[in-house]
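I would like to see how this sequence folds:
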Amino acid sequence: MKLAIFLMPWKSIPKTSALPEICFPNLLRDRSPGHQKALRITGRAIQTLILALGLSFFWAPPTQATYYTFPTHLTLCNEQVPLSDRGVWERMDREFMLNVYDRSQVYLWLKRSKRYFPFVEARLKEKGMPDDLKYLLVAESALRSKALSNKGAAGFWQFIEKTGKRFSLQKKPWIDERLDLIKSTDAAINYLKFLYDLFGKWSLAMAAYNCGEERVKDEISQQGENDYYRLALPQETERYIFRILAAKILLSDPKRYGFELPEKEGYHPQEIDQVVLNLPRPIPLKDIAKACGSYFREIKELNPEIQGYNLPAGVHSIKIPFSKKALLEKNMKEWLKSIP
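A predicted model of the protein is given here:
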């Protein structure tokens, strides 16, 4: 039988009565009309079977999704989450459900966390801060350096310009340190410590990180309540702690929820060299890239805080590909000699 009929578009498949002539051209020759009719009916059945078998290769009934639940006991920064309160449980359930079934997003969190969590964890430990604070990075930016909100917050930790300046993050035409992982992490740690000292609870400190300390102070005063889980706050802030908790639940035990990430598939930390450049005049970033055997896009990816195409005169600390420091220094010396 000529199985090439499988490859025909549905509309181009010949009428069933013609199938015996196509597949068995000699079968109908010299047959009686009655016999020919019987063979054509058989051909119709064969065609139906062929189509059914062909479709079975490309279609399978959908499988039922596994139903996942979060733990009945949760803490964040060593503070108990009051899940016995049905309203609190439902708020947690909503954020958990929205995230546990967003499979591609959680896998991206897992991949990016391999690159960024080790540094953040070490910084938090060095400053004596709770390790759980690293999950703010997920809720704020999904671990993306260039994340930008419609309110103008930018970077891993989503600082608005005004708050960034309070904590020594520069914002100039050629640089935005909110996008620098090291500097913005230090700024976020300092801000969160300030908020914790102000409110005495990490849940309130994180809420204030989201909507501002003045708003939280005002709501506490107006409502006579200082428990995050009992406060009426802006909708985004009311969801904020639960989004952080959802990230903690999924990233701290991904296999429990069906996420299996092979080790080689993670985005692991990049090996880099840090160099300091003392520039007597502006220089195109592409020339710096060329001087260290790299290219413009790679240098921008390693230094997302650098804005535009040039570095102005002055002292700059930049990251370049690993083992390229000596080459850059050699070529920069030659460049400096060429300056009249």
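
Is it correct that residue 271 is in contact with residue 322?
Yes: contact between residue 271 and residue 322 holds when scored by C-beta atoms under 8 Å: they sit 3.7 Å apart. Every C-beta, even on glycine, is put in place using the N, C-alpha and C of the backbone.

Strands of the stretch 201-340 of the chain, start to end?
272-279, 283-284, 310-311, 314-321 (DSSP state E, counting those that start in this stretch).

just these: most buried one?
The highest mean neighbour count among the strands of the stretch 201-340 of the chain, using mean count of other C-beta atoms under 10 Å, belongs to strand 310-311: a mean of 18.

Neighbours of residue 219, how many?
19 (other C-beta atoms under 10 Å).

which parts of stretch 162-175 are buried?
Applying a neighbour-count criterion of 16 or more other C-beta atoms under 10 Å, one finds 163, 164, 167, 169, 171, 174, 175 buried in stretch 162-175.

from what I can see the fourth one touches residue 185, true?
Which is residue 169. No: applying C-beta under 8 Å, one finds residue 169 not in contact with residue 185, separated by 10.8 Å.

Go through the buried residues of stretch 162-175 and say which is closest to residue 291.
residue 174 (18.5 Å; C-beta to C-beta).

Hmm, that closest one is touching residue 303, no?
No: using C-beta under 8 Å, residue 174 is not in contact with residue 303; the gap is 11.3 Å.

Based on its surroundings, how many neighbours for residue 265?
Here the number of neighbours of residue 265 (other C-beta under 10 Å) works out to 12.

so who does it touch?
residue 111 (C-beta atoms under 8 Å, 6 or more residues apart in numbering).

all numbers from here: first residue = 24
Sure thing, new numbering starts at 24, so read that last one as residue 288.

Distance check, it against residue 130.
9 Å (C-beta to C-beta, to the nearest Å).

thinking again about what came up before, the buried residues of stretch 185-198 in helices, which ones?
186, 187 (DSSP state H).

Using CSV, lay out the buried residues of stretch 185-198 together with pLDDT and distance to residue 104.
As requested, the buried residues of stretch 185-198 are arranged in CSV below (pLDDT from 0 to 100; distance: C-beta to C-beta, whole Å):
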residue, pLDDT, distance to residue 104
186, 96, 27
187, 96, 30
190, 97, 28
192, 97, 31
194, 95, 36
197, 94, 44
198, 96, 39
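
Can you say which two of the buried residues of stretch 185-198 are spatially most distant?
186 and 197 (20.9 Å).

What residues are bridge-paired with residue 334?
Beta-bridge partners of residue 334, counted by DSSP bridges, are residue 306.

give the contact list for it.
Residue 334 touches 197, 300, 302, 305, 306, 308, 311, 341, counting by C-beta under 8 Å, 6+ apart.

would a markdown table of those residues with distance to residue 155 be doable?
Formatted as a markdown table, the contacts of residue 334 follow (distance: C-beta to C-beta, whole Å):
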| residue | distance to residue 155 |
| --- | --- |
| 197 | 35 |
| 300 | 38 |
| 302 | 41 |
| 305 | 43 |
| 306 | 42 |
| 308 | 37 |
| 311 | 39 |
| 341 | 32 |
